[in-house]
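S.K.: next input, structure requested:
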Amino acid sequence: MINIESLDFEKSNGLLPVIIQHFETSEILMLGYMNKEALTKTLDTKLVTFYSRSRQCLWVKGETSHNYLELKDILADCDNDALLVLVNPTGPVCHTGNFSCFGEKAKPKLHWIYELNQIINQRKAAQDIEHSYVAKLFNQGINRIAKKLGEEASEVIIEAVSGNMPRFKEEAADLLFFYLLLLNAENCPLSDILNILEQRHK
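M.R.: Model prediction:
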């Protein structure tokens, strides 16, 4: 993942600035600092651990709130004196309750797709078929969801041919929504599909 010995801890008196980034959405979540011990613990436990400059001790992000940062990868910059840490956050990252310490403007434009995917997962798990259309579809099974996706694909084609751009956009949004439903029904992470597209591009 990363070679600790290649990092230049001496340049900043034993500490490296650490940028925390969501591994799926690329959203910048926070800035912290690590010394060699904090980085070692992060690698060992797979939970991001910082060095607190005010308290002068190690602290595991989420040890109080339980909003941990699950480690996915660590990258060093070109001078080996700063780190980019890719994580899966288990809850809001900022102490204010915001998802990111940098606020809503830090969100990538496509972040909402991941939020929608999380909502679909929550509705699926809740199984509240009386109050949730999504839960009802999951309860009806994969065949019903696949059929619904096919219906939406047909409607997108119809509107594309008709030249009705407002309707085409509406149907395209519906198609994306039911595509996410099908991925969830198959327990297939959206990131797996994006990885395939990325590999094809290479």
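S.K.: and the lowest-mean-pLDDT helix or strand in the chain, what does it pack against?
M.R.: Each helix and strand of the chain was given a mean pLDDT (mean pLDDT, DSSP states H and E); the minimum falls on helix 111-126 at a mean of 84. Applying 3 or more C-beta pairs under 8 Å, 6 or more residues apart in numbering; DSSP states H and E, we find helix 111-126 packed against helix 133-140, helix 165-185, helix 190-201. Yep, even glycine has a C-beta here, placed from its N, CA and C like the rest.
S.K.: show me how far that helix is from its chain's centre.
M.R.: 11 Å (C-alpha atoms, centre = their mean, to the nearest Å).
S.K.: and stretch 79-96, how far apart are its ends?
M.R.: One end of stretch 79-96 to the other measures 33 Å (C-alpha to C-alpha, to the nearest Å).
S.K.: likewise stretch 91-101?
M.R.: Taking C-alpha to C-alpha as the measure, stretch 91-101 stretches 13 Å from start to finish.
S.K.: same question, stretch 2-14
M.R.: End-to-end span of stretch 2-14 (C-alpha to C-alpha): 17 Å.
S.K.: got it, and stretch 53-61?
M.R.: 14 Å.
S.K.: mind listing residues that contact that stretch?
M.R.: Stretch 53-61 is contacted by residues 15, 32-33, 37-38, 41, 45, 47-52, 67-69, 93 when judged by C-beta atoms under 8 Å, 6 or more residues apart in numbering.
S.K.: in the protein, which residue is closest to the centre?
M.R.: What sits nearest the mean C-alpha location of the chain, by C-alpha atoms, centre = their mean, is residue 24, with 3.8 Å.
S.K.: what's the neighbour count on the residue nearest to it when sequence neighbours are not counted?
M.R.: Of all residues not flanking residue 24 in the chain, residue 191 sits nearest, at 5.3 Å (C-beta to C-beta, 6 or more residues apart in numbering). Residue 191 has 14 neighbours, counted by other C-beta atoms under 10 Å.
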